[in-house]
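**Q** Here's a sequence, model it:
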Amino acid sequence: MPPSADVCVLLPTLNESATIVDVIRAYQEAGFNNILVVDGGSGDDTRELSQEAGAAVITQSGEGKGQAIREAVGQIEADYVLMADADMTYRAEDAERMLEPLLVGDFEHVIGNRFADMEPGAMTKLNRIGNRLINRGFQFIHGEDYRDILSGYRAFRTDSFEQLTLSADGFGIETEMAVECAKNGVKTEVVPITYRERPDGSSTNLHPIKDGGIIFLELYRKAKTSNPLFYFGSVGLLSTVTGLGLAAFVIFRWVSDNIGHEIIAVGATAAILFGVQLLMFGVLADLILSLHHEQLTRIDRLEADTTSESTTNDSDSTANESVETSRSPPRNTE
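**A** This next block holds a predicted model:
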């Protein structure tokens, strides 16, 4: 592991006075002295307690966890960032496991899998179901199994964070980071961690229904550029099926009762045409995306071949100069 100065522990906070000191001290005992607390305007003494415990503190200029993370990472000069929640649900003892893929492997982003070792009471049944559905949806849409895309325990290289186009302000930031990693080919590793129950006196800022809906919408919105066939095709299929259902009703009423439903028939036709057009657009967009990925792959190969050829030529040139030098006659010193 590199010196602690190369790793910055990032702790987004909002009214975490009950746990922030214990969290900071736990990471200090684990050997991390570069700790940054980005506070979202807490109404308690979270900022004061963090400073007294030895952490650097900044107050975010906007609102939401996502905005806080983007703003904080922009000010971090360390090579690596270890991001965790400040509610004592994550263990500082898992930090080395989180950082290992970055330091000794070829990975750029690490996600801590809470479901690998979740203590009783750490997550409600509703949250478990919601997490499972979101992870399955992510795997279906983006083709990657990150197991726990909503995990707040992350480790990443600072330079790789700049490759991610992030705009989510709230709790959708974890989902957006996972989507961007999958879309941009950021090498991501998933490691098992322990997830603990919140201690007494600590309350969550997460609202399962509201924030869960936002996360689902974020997951679907991001499919527009990473899986356009699903993004447009799902709406197109729904519209087509609805139109066919209405058309079947109109035909049935006309045949059985000789009653026409002109307005419903017009609506059914419009729905079918709209759905078919969206399906066709989704297929074309997916084809364009595939061609785009092929072009990027070819460019990467050309750059790699050019770099390799340049290195080989430099080596040959150096070798030839060495041979010429060895063959040159010695100078007459008389």
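
**Q** Quick check: Val9 is in a strand.
**A** Yes: assigned with DSSP: H, G, I helix; E, B strand; the rest coil, Val9 falls within a strand.

**Q** Neighbours of the closest residue to Gly105 other than its chain neighbours, how many?
**A** Leaving aside its sequence neighbours, Gly105 sits nearest to Glu189 (C-beta to C-beta, 6 or more residues apart in numbering; 6.8 Å). Any C-beta I mention is one placed from the backbone N, CA and C, and that applies to glycine too. Other residues lying near Glu189 total 17 when counted by other C-beta atoms under 10 Å.

**Q** Glu189 and Ala92, how far apart?
**A** The gap separating Glu189 from Ala92 is 19 Å, by C-beta to C-beta, to the nearest Å.

**Q** circling back: the residue nearest to Gly105: what secondary structure?
**A** Assignment for Glu189 (three-state DSSP): strand.

**Q** I'd assumed Pro101 was in contact with it.
**A** Yes: if you go by C-beta atoms under 8 Å, Glu189 and Pro101 touch, sitting 4.0 Å apart.

**Q** any idea how far Gly74 is from Leu273?
**A** 47 Å.

**Q** Between these two, tell me which one has more neighbours.
**A** Legend: neighbour count by other C-beta under 10 Å for Leu273 and Gly74, higher for Leu273 (13 against 10).

**Q** Return the residues in contact with that one.
**A** Gly243 (C-beta atoms under 8 Å, 6 or more residues apart in numbering).

**Q** With Ile76 instead?
**A** With C-beta under 8 Å, 6+ apart, Ile76 has these contacts: Cys8, Leu10, Leu36, Thr158.

**Q** just these now: which is nearest Arg147?
**A** Leu10 (21.9 Å; C-beta to C-beta).

**Q** I figured that closest one was touching Val38, is that so?
**A** Yes: with contact defined as C-beta under 8 Å, Leu10 reaches Val38; the gap is 6.9 Å.

**Q** Pull up the overlap in contacts between these two.
**A** Ile69, Ala72.

**Q** what's the neighbour count on Asp6?
**A** Neighbour count of Asp6, defined by other C-beta under 10 Å: 15.

**Q** hang on, isn't it packed against Val81?
**A** No: in this structure, Asp6 is not within contact of Val81 by C-beta under 8 Å, at 10.4 Å.

**Q** show me the contacts for the closest residue to Glu119 other than its chain neighbours.
**A** What sits nearest to Glu119 in space, not counting adjacent residues and going by C-beta to C-beta, 6+ apart, is Arg196, at 5.2 Å. Residues in contact with Arg196 (C-beta under 8 Å, 6+ apart) are Met88, Thr89, Tyr90, Arg91, Glu119, Ala122.

**Q** And the pLDDT at the fourth one?
**A** So that's Arg91. The model reports Arg91 with a pLDDT of 97.

**Q** Could you tell me the phi and psi values at it?
**A** Arg91 adopts backbone torsions of phi -100, psi 140, taken as degrees, to the nearest 10.

**Q** My read is that it contacts Ile193, right?
**A** Yes: applying C-beta under 8 Å as the test, Arg91 and Ile193 come out as touching, 7.1 Å apart.

**Q** More neighbours: which of these two?
**A** In this view Arg91 and Ile193 are compared by other C-beta under 10 Å, and Ile193 has more residues nearby, 26 against 18.

**Q** Confirm the more buried one sits in a helix?
**A** No: using three-state DSSP, the assignment for Ile193 is strand, not a helix.

**Q** Would you map out the domains in this structure?
**A** 4-226, 228-317 (automatic domain parsing).

**Q** outside of stretch 91-101, which residues touch it?
**A** In contact with stretch 91-101 (C-beta under 8 Å, 6+ apart) are residues 1, 7, 9, 23, 26-27, 29-30, 32, 80, 82, 107, 110, 112, 153-155, 189, 191-194, 196.

**Q** Mind doing that once more with 6 Å?
**A** Counting contacts by C-beta atoms under 6 Å, 6 or more residues apart in numbering, the residues outside stretch 91-101 that touch it are Ala26, Tyr27, Ala30, Leu82, Phe107, Val110, Gly112, Ala155, Glu189, Val191, Ile193, Thr194.

**Q** tell me which of these is nearest to Gly233?
**A** Glu189 (31.2 Å).

**Q** Quick one, grab the pLDDT at that closest one.
**A** 97.

**Q** Look up which residues are beta-bridged to it.
**A** Beta-bridge pairing for Glu189 (DSSP bridges): Val110.

**Q** That one and Phe107 touch, don't they?
**A** Yes: contact criterion C-beta atoms under 6 Å: Glu189 and Phe107 qualify, at 4.4 Å.

**Q** returning to that earlier point: and the furthest pair within the contacts of Ile76?
**A** Checking the contacts of Ile76 with C-beta to C-beta, the most distant pair is Leu36 and Thr158, at 12.2 Å.

**Q** Show me where this protein has its helices.
**A** Listed in chain order, the helices of the chain (DSSP state H) span 20-29, 46-52, 65-73, 95-104, 125-142, 158-161, 173-184, 208-226, 228-257, 262-327.

**Q** Compare those and give me the one nearest Ile58.
**A** helix 65-73 (6.7 Å).

**Q** From Phe161, how far out is the spatially most central residue of the chain?
**A** The geometric centre of the chain, computed from its C-alpha atoms, lies nearest to Met177 (C-alpha atoms, centre = their mean), at 1.7 Å. Distance, Met177 to Phe161, using C-beta to C-beta: 9 Å.

**Q** Cool, thanks, talk later.
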